[in-house]
Every structure is written in C-alpha cells, then in structure tokens.
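Undergrad: Predicted structure and sequence below. I'll ask about it afterward.
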Amino acid sequence: MTYAFTFDASACSGCKACQIACKDKNNLPTGVLWRRVYEVSGGSWQKQDETWATDVFAYNLSIACNHCVHPKCVGVCPTDAYVVRPDGIVYIDESKCMGCGYCAWACPYSAPRYNPELRHMTKCNFCYDNLDAGLSPACVAACPLRVLDFVTIDDGQWTTNGLSSIVHRPLWEIPGAEHPFPLPVFSRTQPHLALQPHAGMLNDLEKTVTNWEEIKAPVPNRLIGGALSLGVQENPLVAFTLLVQMAAGMTVFSMFSPLTNLRLIAIGILLGLGGMFSFFHLGTKKNAWRALNHLNKSWLSREILMVGLFGLSWLALTAERWFLRSNFTLPVTALCGLGLVHAMGQVYRFKAAPTWNTWRTNAAFFLSAAVLGLTAIQFSGQTPWMWSLLGVLLAAEAWLTLSAWNSAHETVYRLRVGCIALGMLGLGCGLFVPESAWMWLSLPIFPLILLEEVTGRWLFYDETNRRCL
C-alpha cells in the first residue's frame, strides 16, 4: 500500500486553509511552509473591432512534499537522514540531519525547508502520526471544499475516501514534460500526486506565479549565527569553494615550479579556512561527523571525503618535506586536489537546477582552480608561459561569463568582465617587463582576479533563488 495526495485544481478557491493547518499542526516558524498554495494567472484583453475579448485565467495549486516514487532528496542526503516507509511516506530523521540544505537544492519541488529555530531541514511527513491513528492529514482535514484529499494505492488500484478519482491524472504515471505549470517539467521523481487540472493549466498562454514572495523559501544565513550576508543564501560556500579550489590549483602548478615551504603552508591554511567556512554553513554542526554516511549515492559525501583525502595528502607531503626534504608525494596531493575539484562540480549536477546541470559547472570550477592557483604563486617568480597561460584561462572565464549573461544582475556581470579585462591587460604588460618587476606588476592583478572570482561565484549561487518552486 502506498499513499498519494489528490488535488482538484478546477474547484480550489485558494483559501489556503490547507497551508495554515499544516503550519499550525507542525508549529512552523514564520517563513517556513511545508505546504504552499501557488497562485497562477495569465492572459490578457484584446480589442476586436468595437468590443473587447479576454483570455484571462487564474488558478491555484496546493503542493507539499509529493513522497515520490524515486525521491531525489533520499539519494543526495550525505548523512542518510531520509527514511522511506513501506507505505511510500518519506520523512527526515531529524537526529541525523546536519542542516546542509543539499536536499532542498536537489528536490524538484523544493519540499525540504530549513527551520532556523531547529537548525535543520524539515518537510511534510504526510502526517503519518494521524494516518497511524486512523485520521486524515491536517491539510486534507482542513480543506473546506474537499479539493485536497489522499488515496491509497494497491497494485495500481486506488482506494479513495468517498471521492471519485477517475478524473484525476496520476502524475507518477505521466512524464514530467506533461505536468502543468508551475510543476517542473524536468522532474523524473514520479510524484505521488493525482491532479484534476484547471482549464487554465491546459492552454498555451504564458503563466506567472503571482504570490512568489509569499511561498518562496526564506534565505537561511547560517554563517556565525547569521551575522554575515552577501545577498545569497549560501554565503559560506562562496568562501569554501574558492579557498579550496585555490589550494588545489596551487598544488597542481607546484609540480611545474619550485615548491617552497611558504607555499606549502599557504596551501594548508587555505584548505583549513575552506573547511572552517564549510563547517559554518551547517545548521546542526554536531551531526557533521555523519557526512560520510552516504558515499554510495551522495556526491556531497564524496566531496567531503575528497576534502579529507586532500588534507591528509597535504599532511603527508608536509611531513615528507620536513623530515626527508623531498616531494615524492606531491603528485598524489595534486591528484587529490583535482579529484576534489571534480567532486565539487558533480555536487551541483542535478536536474532541479538546470543552470547548474551542465558541463559549464565543472569547467568553471576547474578554471577557477587554475586561475586562482596560478595567481597565488605569482610572487615566487613565474615564467612567461605561466603568464600567458593565466591570460588564456582568464579569456576562457570571460567567454563563460558572457555566454551566461543575465540581465537580472547586469551590473555584477559587467563588474566581473571588467575585472577580467583589466587583469588580462596587466598580464599583457607583464610580458614586456623584466622578471624582477613581475612581482610588483602582479600586486594589482591579484585583487582584480580575486574580485572577479568572488563575483562569479556569487552569480553561481544566486541561481538557487531563480526557480519556479
């Protein structure tokens, strides 16, 4: 037996009793909604001779966690905190969640929500305590028009609560491309939601969610108790990814230039700082030790493993230089750094974030590692080919930035491209000055490159705020 929600969009009045009942039963704080009622509208008026005709429409869609056949949240959770009951209900074991928010990114329906009071992820659990007691979920019981209901499925047959289910379309049997707006067309999770569509869902007119400010997820700022904000919801990850990628890039390019003790110490400091910022990102830090619990499926678990391997290989290299004064383990450390950058890119490759789920993400991360790594070792005296390579890498970053231009943040895009252009100009000048002057010429280049990388990463994470659900 499996449970599924049913919803008749053609008769919903948009009263939001279901939304309030869910919030009340689960004692959710301001801004945290497990069930949301989306208000969708579209159409316009057109003048035809002496009269006016209209195709204006509006409808509501009540949606919570759909307890999917293939729940993406379950697969990506690094601490393996998600539990799937035999009846298909998906819930979070809150004693295991570390509040990283990765499940919220991966879920096509944005069902998991961060609770700032509990400091971990929460979501609809189908009110399984009510079901076990023979009662309906709170949202279903509160619906005055009975447009929201639930059914049980046995061997493909529905058992309803007195309502006909013949008119409802079982979305778990229909490809995501045929799901109505604002449900994501790319979803392959097979949501346990049966829907009677509103007439407005079936037309080809442009549709808009008009109450986005009400139902969107709040921006959790978990860095040092919420004291620091850069305007995006994953502030610590901007620092984590850039610092660790710089450390990886420095390690790789140290294979082609003298590895000094100062540079080796700098790599360790960057890696340590990156790990610290990553730790600050967590809501429930005491559960961080569980982060490797899901290596078989979660790329976030694998990324954390690679951070550990990179750190251990750096310690081995440091000990080797200290006691043996050799660098035999440097290739191993560099390989761990490259593996970490690859794992970082794979963390963001899921269908719920179409702008991330592309080769561009991996390319951007490897480019950042190379650019930051080359820039960071510039004070040790680079050869002309390194300056030339850095210019080529910056040109590649400029191309990626221009090809992803978005008018929503045009000023930030202009700032990044401008910094890249000035950096390339400085590098060009460096080819015509003596080697002794390289260090002084590189002094203004470093902050320019650092600024363009920070703005690029800011734009990358801001994509999480531009989703339908």
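TA: Nice, thanks for sending it over.

Undergrad: quick one: pLDDT of Tyr348?
TA: Per-residue confidence (pLDDT) for Tyr348: 93.

Undergrad: Surely Gly14 is in contact with Val37?
TA: Yes: the pair Gly14 and Val37 qualifies as a contact (Cβ atoms under 8 Å) at a distance of 6.1 Å. To be clear about C-beta, it is placed using only N, CA and C from the backbone, and glycine gets the same treatment.

Undergrad: Need the overlap of contacts for the two.
TA: Common contact partners of Gly14 and Val37 (Cβ atoms under 8 Å, 6 or more residues apart in numbering): Asn60.

Undergrad: The two: which is more packed in?
TA: Higher neighbour count among Gly14 and Val37: Val37, with 21 against 15, using other Cβ atoms under 10 Å.

Undergrad: That one contacts Ser62, doesn't it?
TA: Yes: in this structure, Val37 is within contact of Ser62 by Cβ under 8 Å, at 5.0 Å.

Undergrad: tell me the domain ranges of this protein?
TA: Using automatic domain parsing, the domain parsing of the chain gives 2-215, 223-465.

Undergrad: mean pLDDT for those: which is lowest?
TA: Of all the domains of the chain, domain 223-465 carries the lowest average pLDDT, namely a mean of 86.

Undergrad: Identify the bridge partners of Gln48.
TA: Legend: beta-bridge partners of Gln48 under DSSP bridges are Thr51.

Undergrad: all helices in the stretch 201-350 of the chain, in order from the N-terminus.
TA: Per DSSP state H, counting those that start in this stretch, the stretch 201-350 of the chain carries helices over the ranges 212-215, 235-253, 261-281, 299-323, 330-347.

Undergrad: Present these as a markdown table; the columns should include distance to Met386 and mean neighbour count.
TA: Formatted as a markdown table, the helices of the stretch 201-350 of the chain follow (distance: least, Cβ to Cβ, whole Å; neighbours: other Cβ atoms under 10 Å):
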| stretch | distance to Met386 | mean neighbour count |
| --- | --- | --- |
| helix 212-215 | 47 | 13 |
| helix 235-253 | 8 | 25 |
| helix 261-281 | 14 | 18 |
| helix 299-323 | 21 | 19 |
| helix 330-347 | 16 | 21 |
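
Undergrad: who wins for proximity to His192 among those?
TA: Among these, the nearest to His192 by Cβ to Cβ is helix 212-215 (20.7 Å).

Undergrad: Could I get the CA-only coordinates of that closest one as PDB?
TA: What follows is helix 212-215, C-alpha atoms only, in PDB (Å, rounded to 0.1, in the frame of the first residue of the first chain):
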ATOM      1  CA  TRP A 212       6.100  34.200  -5.200                       C
ATOM      2  CA  GLU A 213       7.200  36.400  -2.200                       C
ATOM      3  CA  GLU A 214       4.800  34.500   0.000                       C
ATOM      4  CA  ILE A 215       5.700  31.000  -0.800                       C
END
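
Undergrad: ok, and what's touching it?
TA: Applying Cβ under 8 Å, 6+ apart, the contact partners of helix 212-215 are Leu33, Arg36, Val37, Tyr38, Val209.

Undergrad: Now do the shared contacts for Val37 and Ser62.
TA: Counting by Cβ under 8 Å, 6+ apart, the residues touching both Val37 and Ser62 are Cys12, Cys18, Gln19.

Undergrad: Next step: those residues restricted to helices.
TA: Cys18, Gln19 (DSSP state H).

Undergrad: Select from the shared contacts of Val37 and Ser62 the one having the most neighbours.
TA: Counting by other Cβ under 10 Å, top hit in the shared contacts of Val37 and Ser62: Cys18 with 26 neighbours.

Undergrad: isn't it right up against Asn60?
TA: No: if you go by Cβ under 8 Å, Cys18 and Asn60 don't touch, sitting 10.3 Å apart.

Undergrad: any common contacting residues for these two?
TA: With contacts defined as Cβ under 8 Å, 6+ apart, the residues shared by Cys18 and Asn60 are Val37.

Undergrad: Please list the members of the contacts of helix 212-215 that lie in strands.
TA: Using DSSP state E, the members of the contacts of helix 212-215 that fall in strands are Arg36, Val37, Tyr38, Val209.

Undergrad: Going by distance to Ser313, which of the residues you listed wins?
TA: Nearest to Ser313 among the ones in strands among the contacts of helix 212-215, with distances taken as Cβ to Cβ, is Arg36, at 45.6 Å.

Undergrad: quick one: contacts for the closest one?
TA: Going by Cβ under 8 Å, 6+ apart, the list of residues near Arg36 reads Gln19, Ser62, Ile63, Ala64, Glu214, Ile215.

Undergrad: at 10 Å what do you get?
TA: Listed by Cβ atoms under 10 Å, 6 or more residues apart in numbering, the contact set of Arg36 reads 16, 18-19, 22, 61-64, 109-111, 113, 209, 211, 214-217, 469.

Undergrad: bridging residues for it?
TA: Under the criterion used (DSSP bridges), Arg36 bridges to Ile63.

Undergrad: where's it relative to Glu453, distance?
TA: 36 Å (Cβ to Cβ, to the nearest Å).

Undergrad: In PyMOL, how would I select the buried members of the contacts of Arg36?
TA: Selection of buried members from the contacts of Arg36 for PyMOL, criterion 16 or more other Cβ atoms under 10 Å:
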select buried, resi 16+18+19+22+61+62+63+64+109+110+111+113+209+211+215+216+217+469
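
Undergrad: and the contacts of helix 212-215 as a markdown table, adding distance to Asp8?
TA: Below are these laid out as a markdown table (distance: Cβ to Cβ, whole Å):
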| residue | distance to Asp8 |
| --- | --- |
| Leu33 | 21 |
| Arg36 | 17 |
| Val37 | 13 |
| Tyr38 | 15 |
| Val209 | 20 |
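
Undergrad: Closest to Trp458 out of the residues you listed?
TA: Taking Cβ to Cβ as the measure, Val209 is the one of the contacts of helix 212-215 closest to Trp458, at 24.8 Å.

Undergrad: what about the residue nearest to the spatial centre of the chain, which SS state?
TA: With distances taken as Cα atoms, centre = their mean, the residue of the chain nearest its centroid is Trp105 (4.0 Å). Under DSSP: H, G, I helix; E, B strand; the rest coil, the three-state class of Trp105 is helix.

Undergrad: Pick the one among the contacts of helix 212-215 closest to Asn125.
TA: Leu33 (14.5 Å).

Undergrad: just so I have it, where are all the strands in the stretch 101-250 of the chain?
TA: For the stretch 101-250 of the chain, the strands defined by DSSP state E, counting those that start in this stretch occupy 113-115, 120-122, 148-154, 157-159, 169-170, 193-196, 207-209.
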